[in-house]
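> Here's my sequence, what's the structure:
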Amino acid sequence: RQHPNITLYLACFGHWDFEIEFETENKQQFHDLLKEIKKRFSGIIKDCESVIISSEYKFSTYPGAYPTKL
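I've put the predicted structure just below:
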């Protein structure tokens, strides 16, 4: 949780024990960070799955419902 690239840490129920979200500048930095985490916590990490999200869009259920200027 103290790593500067980590933006969110969630404890989960079900298939995964926890979820970590982090932001990187490029794919190489992503893979390097993933290797660092796996190496540092090799005693407790049994399996790891990852998803790369290259962009995220804001979705508004009610466009125009909230005024931007008063």
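
> So the most centrally placed residue in the chain versus Ile6, what's the distance?
For the chain, the residue nearest the mean C-alpha position is Glu21 (1.4 Å; C-alpha atoms, centre = their mean). Distance of Glu21 to Ile6, computed by C-beta to C-beta, to the nearest Å: 7 Å. (Each C-beta comes from the backbone N, C-alpha and C, glycine too.)

> Could you do Glu36 as well?
Glu36 is 11 Å from Ile6, where distance means C-beta to C-beta.

> what about the closest residue to Ile45 other than its chain neighbours, helix or strand, and which?
Take Ile45 and drop its neighbours on the chain: the residue closest to it by C-beta to C-beta, 6 or more residues apart in numbering is Lys38, 5.8 Å away. If you go by DSSP states H and E, Lys38 is part of helix 27-40.

> And that helix, what's buried?
Phe30, Leu33, Ile37 (16 or more other C-beta atoms under 10 Å).

> how about the last one, what does it touch?
Contact partners of Ile37, counting by C-beta atoms under 8 Å, 6 or more residues apart in numbering, are Ile20, Ile45.

> same thing but at 10 Å, please
By C-beta atoms under 10 Å, 6 or more residues apart in numbering, the residues touching Ile37 are His3, Ile6, Ile20, Phe22, Ile45, Cys48.

> Please pick the buried ones from those.
By neighbour count, with 16+ other C-beta under 10 Å, the contacts of Ile37 hold Ile20, Phe22 as buried.

> Among the contacts of Ile37, which ones are in strands?
Counting by DSSP state E, these place Ile6, Ile20, Phe22 in strands.
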